[in-house]
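S.K.: sequence first, then the predicted structure:
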Amino acid sequence: MAPRDYWWVQPTVVSVGIVVALAAIYWSRRVARLKATIDLIEASESRDYYQERYMAYREYRKGSAFRDGVLNPRDEPTCQKNRDYCLDFLNHYALVAIACRKGIIDETFYKLWMGPTLIRDWNAATELVRVARVPKMPGDSGSSLANSEFERLAVSWGGSRLR
């Protein structure tokens, strides 16, 4: 057989190489996304910064007098600090929502881990988000888009729409 009878070998080897390279890229990105998801979860579970904000938000979610101080903060530094902590906690979920939308973290994995909690926290936060979207205090600018990414993710997972 002459070498020209084996013309198909080189294109076949190149094609197989391309498929292998694409598969390696796909799996590397998938593993990196899962690692980023686990890193985000680990950071939020173990760092004092997030834990302090979570504790403040947990008090807010209980519906006590603490909640009134967060929703209608007086000039007291403690009320303002608690409000800031609760809003910071919600900003963490906004970060998660953006990271899911952009494919930086794995939405399916995160939903399995935190789905019911995220929805619970969103449903409890709707009044606070409504307040955050309208200027309420001196120096408070308000933002009509406050936590809109968090809202989009929570609603897509079964949470209530903000009215």
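M.R.: Everything's here; your move.
S.K.: C-alpha from now on. contacts and neighbour counts both.
M.R.: Fine.
S.K.: check the chain for its longest helix and report it.
M.R.: helix 9-46 (DSSP state H).
S.K.: any idea which helix or strand comes after that helix?
M.R.: For helix 9-46, the following helix or strand on the C-terminal side (DSSP states H and E) is helix 48-61.
S.K.: circling back: counting by contacts, list what the longest helix of the chain packs against.
M.R.: helix 48-61, helix 107-132 (3 or more CA pairs under 8 Å, 6 or more residues apart in numbering; DSSP states H and E).
S.K.: packing partners of the shortest one?
M.R.: Under the contact criterion of 3+ CA pairs under 8 Å, 6+ apart, the helices and strands touching helix 48-61 comprise helix 9-46, helix 65-71, helix 77-101, helix 107-132.
S.K.: which among these is found nearest to residue 148?
M.R.: helix 77-101 (7.6 Å; CA to CA).
S.K.: check which residues of that closest one are buried.
M.R.: Within helix 77-101, the residues scored as buried using 16 or more other CA atoms under 10 Å are 79-80, 82-94, 96-100.
S.K.: about what we covered before: out of the helices and strands packed on helix 9-46, nearest to residue 9?
M.R.: Between these, helix 107-132 lies closest to residue 9; by CA to CA that is 41.1 Å.
S.K.: contacting residues around the most centrally placed residue in the chain?
M.R.: Centroid-nearest residue in the chain, with CA atoms, centre = their mean: residue 96, separated by 1.1 Å. Shown in contact with residue 96 (CA atoms under 8 Å, 6 or more residues apart in numbering): 105, 150.
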